[in-house]
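Asker: structure of the sequence below:
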Amino acid sequence: MSKTSPIPPRALVADIGGTNARFAVADLVTLEVSAVRRFRNADHASLADAIRFYLKDVSEEVAHAGIAVAAPVLQDTIQLTNAPWSFSQSTLAGEAGLDAVHMLNDFEALSLSLPYLAPDELHQIGGEPPVEHGPKVVLGPGTGLGVAGLVWSPTGWVAVASEGGHATLGAETEGELALVERLRKGRERISVERALSGPGLTELHQAIAASRGHGEEVLEPIEVERRALSGEDEIAEEALDIFTTWLGRFAGDVALVFGARGGVYLGGGIAPKLLRRLTQGDFREAFERKGRMQPFVAPIPVYVILAEFPALKGAAVGLRAKLANA
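Answerer: Here you go, the predicted model:
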């Protein structure tokens, strides 16, 4: 598209996670999304199949797409990190019946949405007002654990994709070390994502149960959350307590790495469901417990993203910038 060509008014946007795929039509002027639909990845053989399935019910014609995926976007062939779908960037548009597709990492897209989120779409946990144009970071547990940054430049905000969720999981106490060793059993190493994700919450519950001599009952993450929040299961409560502490600690680590004086944002599928639990104090305490660097992180605000489809909006932001510079 030449620089004199208008940006199309509508485009397809998608947020492809490890379990679910969300599709919508985005207005590239207002960034509003409509006709949102969610499919389970397992219900479609490929991403192209899912796109075609969605588009058959869309009345308006769209030719371009901005697609955020839970995977590194580095080579032509993309393999989702926590799902079996793989595809070629160079052939996806043709296979899906589109003119062109712009690919982003899912948390890269989420970071691009941050400047466009309304105050009522965010819940602040501690800290002070963000530094204007200070670096921002977004992270969040879901099927996996995504991390991305957003930094200011003379041309505006620039997203910094990362695979920070695959950093090595550490421990601060002997009890935590023993738990990490249980989680690592049978693996060469253990990443933060192995604990701070939906499957990770399940594994935490199993590991704590095993340490107490109980059978390793396998619960879905949502069931661990329910039992913990209702107070009916001490092991689930302990699992969620550890999950909350480790999430706060990791969020503080990422704030240090990015120098995120513009704020730390929690997205993904789990954090909004745990909003009340995250505000109880231990999350923020773990976030700020950075020894000599405590004065650096203490003013940094943490926000839980309450917006319904922020990654779809971010995919629209990324696509609009791509088309404007084509």
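Asker: can you map out the strands along the stretch 201-326 of the chain?
Answerer: Chain-ordered strands for the stretch 201-326 of the chain, with DSSP state E, counting those that start in this stretch as the definition, fall at 264-266, 302-305.
Asker: and the longest helix seen in the chain, average pLDDT?
Answerer: Among the elements of the chain assigned as helix by DSSP state H, the one spanning the most residues is helix 234-258. Mean per-residue pLDDT for helix 234-258: 97.
Asker: for that helix, packing partners?
Answerer: Based on contacts counted as 3 or more C-beta pairs under 8 Å, 6 or more residues apart in numbering; DSSP states H and E, the elements that helix 234-258 packs against are strand 136-141, helix 198-211, helix 221-230, strand 264-266, helix 275-278, helix 282-288, helix 294-297. No exception for glycine: its C-beta is placed from N, CA and C like everyone else's.
Asker: by how many degrees do that helix and strand 136-141 diverge?
Answerer: Computed with axes from the mean of the first three to the mean of the last three C-alpha atoms, to 10 degrees, the direction of helix 234-258 lies at 160 degrees from that of strand 136-141.
Asker: tell me where this structure is predicted with low confidence.
Answerer: Along the chain, segments meeting pLDDT under 70 span 1-5, 216.
Asker: now the longest helix of the chain: how far from the chain's centre is it?
Answerer: 15 Å (C-alpha atoms, centre = their mean, to the nearest Å).
Asker: again, but for stretch 28-41
Answerer: How far stretch 28-41 lies from its chain's middle: 17 Å, per C-alpha atoms, centre = their mean.
Asker: which residues are contacting that stretch?
Answerer: Contacts made with stretch 28-41 from outside it, assessed by C-beta atoms under 8 Å, 6 or more residues apart in numbering, are listed as 7-11, 13, 16-27, 50, 53-54, 57-58, 80, 83-85, 116, 309, 312-313, 316-317, 319-320, 323.
Asker: switch the cut-off to 6 Å
Answerer: Applying C-beta atoms under 6 Å, 6 or more residues apart in numbering, the external contacts of stretch 28-41 come out as 7, 11, 20-26, 50, 54, 83, 116, 309, 312-313, 316, 320.
Asker: chain center to stretch 94-104, what's the gap?
Answerer: Average the C-alpha atoms of stretch 94-104, do the same for its chain, and the two points are 23 Å apart (C-alpha atoms, centre = their mean).
Asker: what residues of that stretch count as buried?
Answerer: When burial is assessed from 16 or more other C-beta atoms under 10 Å, stretch 94-104 yields the following buried residues: 95, 96, 98, 100, 101, 102, 103, 104.
Asker: ok, stretch 53-70 next?
Answerer: Under the neighbour-count criterion of 16+ other C-beta under 10 Å, stretch 53-70 has 54, 55, 58, 62, 64, 65, 66, 67, 68, 69, 70 buried.
Asker: how far does that stretch stretch from start to finish?
Answerer: From the first residue to the last, stretch 53-70 extends over 20 Å; the measure is C-alpha to C-alpha, to the nearest Å.
Asker: for stretch 95-106, same thing?
Answerer: This stretch, stretch 95-106, spans 21 Å end to end (C-alpha to C-alpha).
Asker: chain center to that stretch: distance?
Answerer: Its chain's average C-alpha position is 20 Å from that of stretch 95-106, according to C-alpha atoms, centre = their mean.
Asker: quick one: contacts of that stretch?
Answerer: Under the criterion C-beta under 6 Å, 6+ apart, residues 48, 51-52, 63-70, 73, 89, 92-93, 146, 161, 311, 318-319, 322 lie in contact with stretch 95-106.
Asker: same question, stretch 312-322
Answerer: Outside of stretch 312-322, the residues within contact range by C-beta under 6 Å, 6+ apart are 11, 13, 15, 24, 26, 28, 31, 33, 66, 68, 102, 104, 109-110, 112-113.
Asker: what about those residues, which are in strands?
Answerer: Assignment to strands by DSSP state E places the following of these there: 11, 13, 15, 24, 26, 33, 66, 68, 102, 104.
Asker: quick check: beta-bridge partners of the residue nearest to residue 125 when sequence neighbours are not counted?
Answerer: Taking C-beta to C-beta, 6 or more residues apart in numbering as the measure, residue 125 lies nearest to residue 302, with 4.5 Å between them; neighbours along the chain are not counted. Beta-bridge pairing of residue 302, defined through DSSP bridges, involves residue 125, residue 264.
Asker: what's around residue 302, how many residues?
Answerer: By the other C-beta atoms under 10 Å criterion, the neighbourhood of residue 302 contains 27 residues.
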